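Enquirer: how does the following fold in three dimensions:
(one chain, ligands or ions: 1)
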Amino acid sequence: MYAMPENFIWGAATAAFQVEGGLECDGAGESSWLNFCRVKGNIKNDDIPTTGCDQYHLYREDVALMKRLGIKAYRFSLNWSRIFPRENVLNEKGLAYYQNLVDALLEAGIEPYVTIFHWDLPQYLEDAGGWRKKETAQKLGDFASFMAKAFGNKVKHYFTVNEISMFTAGGYNGSKHPPCIKLPDKDIYQVIHHGNLAHGYVAQALRATAPHAEIGIANNPGITVPVWETPENVEAAKRATRLENACCHTAIEEGRYPDEFLEKLGADAPCFTDEEMKIIATPTDFTGFNVYTARYCVADAEMPGGYRFIDRAAEHPYMNLTWLRQVPSATYYGAKFIYELWGKTTYVSENGCAADDKIDGNGEINDTGRLEYLRGYLTSLQRACAEKIPVKGYFLWSLLDNFEWMQGFAPRFGIVHVDYATRQRTPKLSARYYAACIRRNAVL
Ligand code: GBH
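Expert: Sure thing, here's the model as predicted:
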């Protein structure tokens, strides 16, 4: 049994577009993702989360379920176009949904952690140029102010934006994310810069309107771990973690793009002003990092940066998406490097895995693969805590099976199974495992 620190936050995470459904209810507007899903061929099996898990209608049930599991905090995001279906036109019912959700959580003794933006952009902003426009970042800041005022003292924790590279570069580098346009490298770096600014504007807005709240990003810096632990390899992996994330995470933590990065890019570097870099560097209280896997490196004095990557073997264990390569030490090194490089307290803002879970003849789902995956990453996070690296909490991705973006509903990421025909929730073995860990405040 590996004890976690007192008051450790055992959380669960979801995102609006992936679990809410109710996308055509009560005046909700169009979003970039909904619009993208409507085009045949964009999403596996042409799945579309118009109803999906339907947390929009079943949130009370989900809150009760979390309470039974002992979950202490719920990380969820806001569907911006549910609240503002047209520019500057408020949909009271959309706003009320989130206020009711927050009230239900507080009543159940579960702390709400609100993610301001998790990828679903109002379609009217997408049409106006989306993340190619700096104005989109400013508008997200205004939206954050509005929401922080609406929530008042009830919400004490905010994540600004989720995974900048995914909603910026992901939409413009040939990946299957809206608007699915391919741009030259220089423009992609500019779009990422606007994503960095979005985090900055939101951080500024939250500071001004919710001074009582703790805030930080939920980003996905690529973590590099030493292939084995020697002082040289650990230092090399730390340098790699800083340099490989130069265009986004490092720029946010340091308030400037590393010189090596700007030199390497030359004419492809993003255009920016000092004023913008100040906004991007708005001080925050913590860093959330989403972590599923990592790359390996060794120290190599011959290489620029002093590190060399070691490729993962073709058969390196993975869960049922090939990118989900199991590297449990990623939680330990992620927390350690973010603290040592930038002095930040961390949350693991997402960790979990997909499996092809099926209900057996006894009505049970024995997802031992997920259980072992979670145990590995949690054990390594416990090591960080035992070494007094400041880690405040862990958000398991995900509470429910849900809509996995371009992969549709096929990959099941939940510790709770969802039958999409009946919307029935069935906790898996991993949910009972997580509940047992929470009860003992330890990794079991
Ligand atoms: C997170 O993103 C998201 O925040 C969350 O919404 C999502 O459901 C969850 O993780 C699980 O995926 O080109 O095939 O190698 C994860 C981010 C996942 C980034 C997969 C890049 C590479 C896919 N990423 N990925 S592939």
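Enquirer: excluding chain neighbours, what is closest to Arg60?
Expert: When the adjacent residues along the chain are set aside, Arg60 lies closest to Ala104, with 5.8 Å between them (CB to CB, 6 or more residues apart in numbering). Just so you know, the C-beta spots here come from the backbone N, C-alpha and C atoms, and that holds for glycine as well.
Enquirer: who are the contact partners of Ala384?
Expert: Ala384 makes contacts with Thr331, Tyr332, Ala335, Lys336, Val391, as judged by CB atoms under 8 Å, 6 or more residues apart in numbering.
Enquirer: just those now: which is nearest the ligand?
Expert: Relative to the ligand, the closest of those is Thr331; by CB to the nearest ligand atom it sits at 14.7 Å.
Enquirer: quick one: that closest one is in a helix?
Expert: Yes. Secondary structure of Thr331 (DSSP: H, G, I helix; E, B strand; the rest coil): part of a helix.
Enquirer: please identify the helix or strand for the nearest residue to it once chain neighbours are set aside.
Expert: Beyond its immediate neighbours in the sequence, the residue positioned closest to Thr331 (CB to CB, 6+ apart) is Leu381, lying 4.0 Å away. Per DSSP states H and E, Leu381 falls inside helix 368-386.
Enquirer: list the buried residues of that helix.
Expert: The neighbour-count check on helix 368-386 (16 or more other CB atoms under 10 Å) flags 369-385 as buried.
Enquirer: and that helix, what's its mean pLDDT?
Expert: On average, the pLDDT along helix 368-386 is 98.
Enquirer: alpha carbons of it, as PDB, please.
Expert: Backbone C-alpha positions of helix 368-386 (Å, rounded to 0.1, in the frame of the first residue of the first chain) are rendered in PDB as follows:
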ATOM      1  CA  THR A 368      -7.900  -5.800 -15.600                       C
ATOM      2  CA  GLY A 369      -5.900  -4.200 -18.300                       C
ATOM      3  CA  ARG A 370      -7.100  -0.700 -17.300                       C
ATOM      4  CA  LEU A 371      -6.700  -1.500 -13.600                       C
ATOM      5  CA  GLU A 372      -3.000  -2.400 -14.200                       C
ATOM      6  CA  TYR A 373      -2.500   0.600 -16.400                       C
ATOM      7  CA  LEU A 374      -3.900   2.900 -13.600                       C
ATOM      8  CA  ARG A 375      -2.000   1.200 -10.900                       C
ATOM      9  CA  GLY A 376       1.300   1.700 -12.700                       C
ATOM     10  CA  TYR A 377       0.800   5.400 -13.400                       C
ATOM     11  CA  LEU A 378      -0.600   6.000  -9.800                       C
ATOM     12  CA  THR A 379       2.300   4.100  -8.200                       C
ATOM     13  CA  SER A 380       4.700   6.300 -10.100                       C
ATOM     14  CA  LEU A 381       2.800   9.400  -9.100                       C
ATOM     15  CA  GLN A 382       3.000   8.300  -5.500                       C
ATOM     16  CA  ARG A 383       6.700   8.100  -5.800                       C
ATOM     17  CA  ALA A 384       6.700  11.800  -6.800                       C
ATOM     18  CA  CYS A 385       4.600  12.600  -3.700                       C
ATOM     19  CA  ALA A 386       6.900  10.500  -1.500                       C
END
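Enquirer: need the three-state assignment for Ala144.
Expert: Under the three-state scheme (three-state DSSP), the conformation of Ala144 reads as helix.
Enquirer: number of nearby residues for it?
Expert: Counted with other CB atoms under 10 Å, the burial measure for Ala144 works out to 28 neighbours.
Enquirer: is it true that it touches Leu206?
Expert: Yes. Shown here, Ala144 and Leu206 form a contact pair, counting by CB atoms under 8 Å, at 5.6 Å.
Enquirer: name the SS class of Pro135, please.
Expert: Heads up, residue 135 is Glu, not Pro. Assigned with three-state DSSP, Glu135 falls in the helix class.
Enquirer: spit out the contact partners of it.
Expert: Shown here is Glu135, whose contacts under the criterion CB under 8 Å, 6+ apart are Ala128, Gly129.
Enquirer: what distance do you get for it to Ala436?
Expert: Glu135 sits 48 Å away from Ala436, going by CB to CB, to the nearest Å.
Enquirer: pick the one among the contacts of Ala384 closest to Glu214.
Expert: Set against Glu214, the nearest of the contacts of Ala384 by CB to CB is Val391 (14.2 Å).
Enquirer: for Tyr307, list each beta-bridge partner.
Expert: Ala299 (DSSP bridges).
Enquirer: closest point of the protein to the ligand, which residue?
Expert: Counting by CB to the nearest ligand atom, the chain gets nearest to the ligand through Trp323 (3.6 Å).
Enquirer: can you list the residues of the stretch 101-250 of the chain near the ligand?
Expert: Along the stretch 101-250 of the chain, the residues adjacent to the ligand under the rule CB under 6 Å from any ligand atom are Asn162, Glu163, Met166, Asn220.
Enquirer: counting neighbours, which of those comes out on top?
Expert: Asn162 (25 neighbours).
Enquirer: so it touches Arg75, yeah?
Expert: No. Because the distance of 9.4 Å does not satisfy CB under 8 Å, Asn162 is recorded as not touching Arg75.
Enquirer: for stretch 45-59, C-alpha coordinates in CSV please.
Expert: Once side chains and other backbone atoms are set aside, the C-alpha atoms of stretch 45-59 remain, and they are given as CSV (Å, rounded to 0.1, in the frame of the first residue of the first chain):
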residue,chain,number,x,y,z
ASN,A,45,-18.5,4.7,-38.1
ASP,A,46,-19.9,8.2,-38.6
ASP,A,47,-20.6,8.3,-34.9
ILE,A,48,-22.0,11.6,-33.6
PRO,A,49,-22.5,12.5,-29.9
THR,A,50,-25.8,14.4,-30.4
THR,A,51,-27.1,12.3,-27.5
GLY,A,52,-24.2,10.0,-26.5
CYS,A,53,-23.9,9.6,-22.7
ASP,A,54,-26.5,12.3,-22.3
GLN,A,55,-25.0,13.8,-19.2
TYR,A,56,-27.0,16.9,-20.1
HIS,A,57,-30.1,15.1,-18.9
LEU,A,58,-28.5,12.6,-16.5
TYR,A,59,-26.0,14.8,-14.6
